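Visitor: What shape does this take:
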Amino acid sequence: MDYSAENATVTELAWSALVSGLELVHNGAVKKGRSPMPHYVSLLRYTAQGIAKVKESPSRLDAARKVAESMGGKVHSWWLTMGHHDAVLVAEFPSDEACAKFMLSVGSLGNITTQTLRAFSEAEYRKIIGSLP
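Guide: So this is what the prediction gives:
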């Protein structure tokens with residue numbers, strides 16, 4: 001499978017990277033490596049306040065990366081998207097609680113709304129399926 005940004009949609013690229021244990025980097029390239037922390041995919045939408053100040057969003061993203069790191073997490077990638085959601089964020093955190101705290105703190109600023117999905121790696125998926133009765 002070709003993981004280059006030119007040959008896949010943002011959603012396909014982000015999902016493929018997550019399920020295959022690859023890490024997306026900012027330019028759309030992919031590097032090998034798997035983290036033991038849980039991964040999360042967040043679907044973001046700008047609020048009226050956020051879109052009115054959209055030129056400030058790069059600095060808000062930089063600040064969010066620092067906040068994630070202060071909570072033991074890491075923002076792996078951020079994608080501007082077209083359609084129902086304005087952006088997709090792929091991150092890892094040490095726990096669901098840490099991720100929730102991060103998303104609530106970022107959302108409380110009033111610039112975005114979030115919908116966050118817990119993403120299971122292929123190994124985790126196989127373990128879950130293997131444990132079914």
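Visitor: all strands for this structure, in order.
Guide: Along the chain, counting by DSSP state E, strands occupy 22-24, 30-32, 39-46, 74-80, 87-92, 112-119.
Visitor: rank these by pLDDT, which is bottom?
Guide: Lowest mean pLDDT within the strands of the chain: strand 22-24, at a mean of 48.
Visitor: longest single helix anywhere in the protein?
Guide: helix 57-70 (DSSP state H).
Visitor: Go through that one and flag the buried ones.
Guide: With burial defined by 16 or more other CB atoms under 10 Å, the residues of helix 57-70 counted as buried are 57, 60, 64-65, 68. Quick note: C-beta positions are derived from backbone N, CA and C, even for glycine.
Visitor: just stretch 82-96 next, same as before
Guide: 85-93.
Visitor: Need the residues you listed in a markdown table (columns: distance to residue 36).
Guide: Formatted as a markdown table, these follow (distance: CB to CB, whole Å):
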| residue | distance to residue 36 |
| --- | --- |
| 85 | 28 |
| 86 | 30 |
| 87 | 26 |
| 88 | 23 |
| 89 | 20 |
| 90 | 16 |
| 91 | 14 |
| 92 | 9 |
| 93 | 12 |
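Visitor: All set, thanks.
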